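1. Model the structure of this input:
(chains A, B and C)
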Amino acid sequence: MSIDAEQLVSWYRDAQRDLPWRRPGVTAWQILVSEFMLQQTPVARVEPIWLAWIDRWPTPSATAAAGSAEVLRAWGKLGYPRRAKRLHECAVVIAGEYDDEVPTDVETLLTLPGIGAYTARAVACFAYSASVPVVDTNVRRVVTRVLRGQADAPARARDLDDVAALLPDDATAPTFSAALMELGAVVCTARAPQCGCCPLTHCRWRSAGYPEGTMTRKVQRYAGTDRQVRGKLLDVLRDSSSPVTRAQLDVAWLTDTAQRDRALDSLLVDGLVEQTLDGRFALAGEGEIP
DNA sequence: CTCCGGTTCT
DNA sequence: AGAACTGGAG
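-> Numbers count the residues shown, from 1 in each chain, chains lettered A, B, ... in the order given. Reported below is the predicted structural model:
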């Protein structure tokens, strides 16, 4: 059981989106930055921020030198700001321990902050053309449908090996991986798949008559959660170039004071916010000398 | 397994 | 009102 690499790759060569991090001349670090930003975040929202970001900080050392507070500010409202902190930490390590060059092997990449199983392989594959399986939610969905005939399925430890077995045994492997992700992103989508535009001639899901998915997803609310409160608190800190008082933070969320306190505490624990000696609050690294 | 943003589309 | 979005870490 496999996926026709020829069909998929030739479709990709013609139909791929013109994304800025896919253009020639983009460095491994800049691809790494795009992968951090794309974690759980749609392409359309990442694009403008990535363009401004690499123009301002094109290298790990430039990013490290900027300081974590400025990096958190530039991250803006992209979401999951812990990613920004980890990206800055990543820059510090690469600049300091790897001579400003992104490591090429998956094992080393996995040791860096914010880089997990997906991002390590995405960087190795897309930045260094390594023939490694790149498995994100899109790839998992495509493989589940085409090869297993199910609309969706939970992630399994086997997924990595299964996708590795699908890779063509030649130099087109990285393109095949990009194409698999692209197919999941624009054709074989979660909600309204465009099967009429699918380049694959064999698909078990189609043969089976598109059976419904059975996965019960968790609701992941946002309004009224601690995450929203954390966002409100960070809004205040991003907009201030100097530390703010507790009272200035308190007005950001008056609905539930216990929740507000819990949110602020979690930001301190995550290292996104720091308290100054006089008891005020600031973005982490605000006081550092750039 | 849970938590962690914020926007957009349906 | 839900769901989806190129995940990682505790």
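2. Please, which helix or strand holds the closest residue to DNA strand B within chain A?
-> Using CB to the nearest atom of the strand, the point where chain A gets nearest to DNA strand B is A:G231, with a distance of 1.5 Å. (C-beta placed from N, C-alpha, C; glycine too.) Secondary structure assigned from DSSP states H and E places A:G231 in helix A:226-238.
3. who does whichever helix or strand comes after that helix touch, helix- and strand-wise?
-> From helix A:226-238 onward toward the C-terminus, using DSSP H and E, the following helix or strand is helix A:246-250. Using 3 or more CB pairs under 8 Å, 6 or more residues apart in numbering; DSSP states H and E as the contact definition, the elements that helix A:246-250 packs against are helix A:226-238, helix A:257-269.
4. Please identify the most buried of those.
-> Of the helices and strands packed on helix A:246-250, the one with the most neighbours on average (mean count of other CB atoms under 10 Å) is helix A:226-238, at a mean of 18.
5. Output the below-cut-off pLDDT ranges for the stretch 101-250 of chain A.
-> Residues of the stretch 101-250 of chain A that meet the criterion pLDDT under 70 lie in A:216-220.
6. distance between the helix holding A:G231 and the chain's centre?
-> Centroid separation between helix A:226-238 and its chain, computed with CA atoms, centre = their mean, to the nearest Å, is 20 Å.
7. angle of that helix against helix A:257-269?
-> The directions of helix A:226-238 and helix A:257-269 differ by 70 degrees, with axes from the mean of the first three to the mean of the last three CA atoms, to 10 degrees as the criterion.
8. related to what we said a few turns ago, wait, doesn't the residue of chain A closest to DNA strand B sit right on A:K77?
-> Yes. The pair A:G231 / A:K77 is scored as a contact, 7.4 Å apart, by CB atoms under 8 Å.
9. Do a quick rundown of the strands in the stretch 151-290 of chain A.
-> Under the criterion DSSP state E, counting those that start in this stretch, strands of the stretch 151-290 of chain A are mapped to A:273-275, A:281-283.
10. Who are the packing partners of the biggest helix by length in chain A?
-> Using DSSP state H to assign secondary structure, the helix with the most residues in chain A is helix A:82-97. Under the contact definition 3+ CB pairs under 8 Å, 6+ apart, helix A:82-97 sits against helix A:28-38, helix A:60-66, helix A:68-75.
11. and A:A178, which of the ones you listed is closest to it?
-> Evaluated with CB to CB, the helices and strands packed on helix A:82-97 place helix A:28-38 nearest to A:A178, the distance being 11.4 Å.
12. Deepest-packed of the strands of the stretch 151-290 of chain A, please.
-> Mean neighbour count, computed with mean count of other CB under 10 Å, is highest for strand A:281-283 among the strands of the stretch 151-290 of chain A, reaching a mean of 22.
13. can you give me how far it is from the chain middle?
-> 25 Å.
14. Which one of the residues in the stretch 151-290 of chain A is closest to DNA strand C?
-> At 3.7 Å from DNA strand C, A:A190 is the closest residue in the stretch 151-290 of chain A, using CB to the nearest atom of the strand.
15. tell me which element the closest residue to that residue other than its chain neighbours falls in.
-> The shortest distance from A:A190 to any non-neighbouring residue, by CB to CB, 6 or more residues apart in numbering, is to A:R141 (6.4 Å). Assigned by DSSP H and E, A:R141 falls within helix A:137-148.
16. touching DNA strand B at all, that helix?
-> No. Under the criterion of CB under 7 Å from any atom of the strand, helix A:137-148 makes no contact with DNA strand B; the nearest approach is 11.5 Å.
17. Mind listing what's buried along stretch A:140-154?
-> Residues A:140-147, A:149-153 are the ones in stretch A:140-154 that count as buried (16 or more other CB atoms under 10 Å).
18. ok, and which of those residues reach DNA strand C?
-> Cross-checking the buried residues of stretch A:140-154 against DNA strand C (CB under 7 Å from any atom of the strand) gives A:R141 as the overlapping residues.
19. Out of the buried residues of stretch A:140-154, which two are the most distant from each other?
-> The most widely separated members of those are A:R140 and A:G149, with 14.4 Å between them, by CB to CB.
20. Cool, thanks, signing off.
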